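J.: fold the following and give me the result.
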Amino acid sequence: MKFGLQTGQQDCTFEELRKLWHLADDSGFYWISIWDHHFESPPAGGQRPAFETVAIMSALALETSNVRVGCLVFSSAYRNPGIVAKAATTIDHLSGGRVEIGLGAGWHEPEYKAFGIDFPSPRIREDMLEEAAQIVRQMLHGGEANFQGEHYQMTHAYNVPRPVQDKMPIWIGGAGEKRTIPAAAKYADAWNGAYVAADVFKRKLGVLANACESIGRDPKTMNNAINLGFYMGIDAKEAEQKRKNLPWGPEDPRYHGQILGTPEQAIDQIGQFIEAGAEQINLAMRAPFDMEATQAFIEQVMPAFKG
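T.: Purely as a prediction, here's the structure:
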């Protein structure tokens, strides 16, 4: 089992991010990623602190030495895919070959409108994602993009220098079973889901496998990960308090996509996702970062899944 952190770069200082990144980098985590938002998520008026994605991903690459460095996910609806590929390639050099790039259709409408970016229908955003994934793949894996689509056109778009890695892994994130997951099967090396229960994640992995088989791809060639909100407490008292402070109750599907309870209970929850087929679990961290609980996870939970 691989463990990662998904660090939302909002409501915190850079020093707080650095402290969390360094702890993870030195403690056996496989992965650290950031998200692609200009505003806070969930929306709260757009005035809370939020660092820009490409810049903070560059800082993450330079501040770490061991972890894979990712973004889950770049929104194809407001980022030119050629520029995203160039940025990822540059960050791959900064990191010494540790970057994995994630793409998604996007959803956070308020920030699109605030920055003067069109927010098209879900169908069009999915179309844009599929076109962007093809362009990014051409640039990262082939070195040149030539693509004439409805939304993006590229002509002799060279990606020089080449990434440090021969083939930088490309992720597609999102839970949509009609478009997003089939797009991952067709164009990506890995799929990421977020904030769903273990049984739901298992069903979506089945959708992914079927999508692979329908195009003649071996499902075993696809990696996967699940993002789970991190609300573990160091003891029963703290765990109960965190549970009470959650923004959703047990009736909300997102409630079952969180790591809750004590370290012992967290081990059981992670075991359910492993049984469902999860290969990587990313702890979705939001400020204020609970460093004490993170340390407890490192010392008491991660060792249960080694070997």
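
J.: which residues touch residue 163?
T.: 88, 89, 92, 93, 97, 99, 140 (CB atoms under 8 Å, 6 or more residues apart in numbering). All C-beta spots, glycine's among them, are computed from the backbone N, C-alpha and C.

J.: for residue 97, see how far away it is.
T.: Noted for residue 163: a distance of 7 Å to residue 97, by CB to CB, to the nearest Å.

J.: backbone dihedrals for the residue lying closest to residue 223 once chain neighbours are set aside, please?
T.: The shortest distance from residue 223 to any non-neighbouring residue, by CB to CB, 6 or more residues apart in numbering, is to residue 190 (3.8 Å). Note on residue 190: its backbone torsions stand at phi -160, psi 160 [degrees, to the nearest 10].

J.: ok, residue 219 next?
T.: As for residue 219, its main-chain torsions (degrees, to the nearest 10) stand at phi -60, psi -20.

J.: how about it, what does it touch?
T.: 208, 209, 212, 213.

J.: could you rerun that using 6 Å?
T.: By CB atoms under 6 Å, 6 or more residues apart in numbering, residue 219 lies in contact with 209, 212.

J.: pull out the buried positions in stretch 154-164.
T.: 154, 157, 159, 162, 163 (16 or more other CB atoms under 10 Å).

J.: measure residue 114 to residue 38 for me?
T.: Following CB to CB, the distance that separates residue 114 from residue 38 is 7 Å.

J.: same thing with residue 230?
T.: On the measure of CB to CB, residue 230 and residue 38 end up 23 Å apart.

J.: mind putting the buried residues of stretch 154-164 in JSON lines, distance to residue 81 and secondary structure included?
T.: Shown next, in JSON lines, are the buried residues of stretch 154-164 (distance: CB to CB, whole Å; DSSP: H, G, I helix; E, B strand; the rest coil):
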{"residue": "154", "distance to residue 81": "8", "secondary structure": "strand"}
{"residue": "157", "distance to residue 81": "9", "secondary structure": "strand"}
{"residue": "159", "distance to residue 81": "11", "secondary structure": "coil"}
{"residue": "162", "distance to residue 81": "17", "secondary structure": "coil"}
{"residue": "163", "distance to residue 81": "15", "secondary structure": "coil"}
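
J.: fine, thanks again, bye for now.
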